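In: Provide a 3D model corresponding to the input given below.
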Amino acid sequence: MTSSAFDGRVTLITGAGSGIGRAMAVAFAGAGARVVVCDIDPEAAGRTAADLGEAALAVPADIADETSVTALVETTISAFGRVDVLCNNAGIMDTMALPADIPPSLWERVLRVNLTGTFLVTHAVLPHMLRQGGGAIVNTASEAAVRGGAAGAAYTASKHGVAGLTRSVAWAYANDGIRCNAILPGPTMTGIATNLTFDQAGAARLGPVLALGERLAEPEQMAQAALFLASDAASFVNGALVPVDGGWSAA
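Out: Have a look, this model is predicted:
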C-alpha cells in the first residue's frame, strides 16, 4: 500500500491504544489517513496519537456506552467533517468458560463490548457515511466467529454476532457505496488476555482446537489485512469474513 493511498481520508479505529488497534492506527497513518485513535484507556489512546503526530487525534471512549459513542463520533465529525473508514477493533476476552459455567454477568459484559459496542459505533457512523456517499467498515471478528471450540461461550457468541452484523451491514448498504468486511485473526501477540484467569475445564476442553493455532501472528499482520479491505484495491469486496490465521482455519 502506497504512503498516499488514504490521503484525505479519515479513519476511526476503536481499541487503538494497543495491540491490533494500535498497529492499524500506525498502518493507516502511514498510508496517508488522518486517524481518530479511540480507546477506553485515555493514556493508551494518547500514547498512540502522540506517536503518530499531527495525523492523529486521541478520543477516549467506552464503546459499550451509547452516550460515549455518540460523543466519540460527534468529536470526529467536528474535527474532520467525515468518516471514510471505521475499524471496529475494540474487544475483550472471556475466561474460556463453557456454557454451563460462565457467570451471566461475564456473558453480558463480553456481549456488550464485543457485539453491542461494535453495533453502537457502526450505528453512529453509518448516517455520516450515507450522507457523504460511501465508506468502508472493517470489523475485527475472530476465528471464534466461525468455530465453536476456539474460545469460551461468551466470546464465541459475540464474534459469531460480529460476523452476522458484518454481513447484514454489507447487504443493507451495498448500493450506497458502503462496504463492510471482517478479519478473522488467529492467535496474535496482543495484551487482550492480560490479567485474566482462565477457567480450567474450559481451557482443557478447548485445548485441542487451540493447539492448531499455536503459531502467533504479529498485530501488524492483522493491520495490513484491514488496510487492504478498507482500500480501493478491495472495492468489490463486501461482506467477506477473511481468515488471517496462518492456515489455522484450513486444518
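
In: now the end-to-end length of stretch 109-116.
Out: By Cα to Cα, to the nearest Å, the extent of stretch 109-116 from end to end equals 10 Å.

In: Show residues contacting that stretch.
Out: 63-64, 90-94, 154-155, 157-159, 161-162, 165 (Cβ atoms under 8 Å, 6 or more residues apart in numbering). No exception for glycine: its C-beta is placed from N, CA and C like everyone else's.

In: and the nearest residue to residue 28 once chain neighbours are set aside, how far is that from residue 35?
Out: Leaving aside its sequence neighbours, residue 28 sits nearest to residue 11 (Cβ to Cβ, 6 or more residues apart in numbering; 4.5 Å). Separation of residue 11 from residue 35 (Cβ to Cβ, to the nearest Å) stands at 5 Å.

In: Could you name every residue contacting both of the two?
Out: By Cβ under 8 Å, 6+ apart, the residues touching both residue 11 and residue 35 are residue 28.

In: my guess is residue 171 meets residue 239, correct?
Out: Yes: checked against Cβ atoms under 8 Å, the pair residue 171 and residue 239 is within contact range at 6.4 Å.

In: the more surrounded of those two?
Out: Remark: of residue 171 and residue 239, residue 239 carries more neighbours, 16 against 12, as counted by other Cβ atoms under 10 Å.

In: Now do the same contact list for the more buried one.
Out: 166, 167, 170, 171, 174, 180, 181.

In: In terms of secondary structure, what does the helix or strand where residue 180 lies contact?
Out: Using DSSP states H and E, residue 180 falls within strand 178-185. Helices and strands touching strand 178-185, as assessed by 3 or more Cβ pairs under 8 Å, 6 or more residues apart in numbering; DSSP states H and E, comprise helix 117-132, strand 135-140, helix 153-172, helix 219-230, strand 241-244.

In: go with 10 Å
Out: With contacts defined as 3 or more Cβ pairs under 10 Å, 6 or more residues apart in numbering; DSSP states H and E, strand 178-185 has these neighbours: helix 19-30, strand 85-88, helix 117-132, strand 135-140, helix 153-172, helix 219-230, strand 241-244.

In: That strand vs helix 219-230, what angle?
Out: 160 degrees (axes from the mean of the first three to the mean of the last three Cα atoms, to 10 degrees).

In: Specify the angle between strand 178-185 and helix 19-30 in degrees.
Out: 130 degrees.

In: Which residues are in contact with residue 178?
Out: Neighbouring residues of residue 178 by Cβ atoms under 10 Å, 6 or more residues apart in numbering: 86, 125-126, 129-130, 132-137, 169-170, 172, 238.

In: Name only those of those that count as buried.
Out: 86, 125, 126, 129, 135, 136, 137, 169, 170, 238 (16 or more other Cβ atoms under 10 Å).

In: Those residues: which two are farthest apart?
Out: Pairwise distances among these were taken by Cβ to Cβ; the largest, 16.5 Å, belongs to 125 and 238.

In: give me the low-pLDDT residue ranges for the stretch 1-150 of the chain?
Out: In the predicted model, the stretch 1-150 of the chain carries pLDDT under 70 at residues 1.
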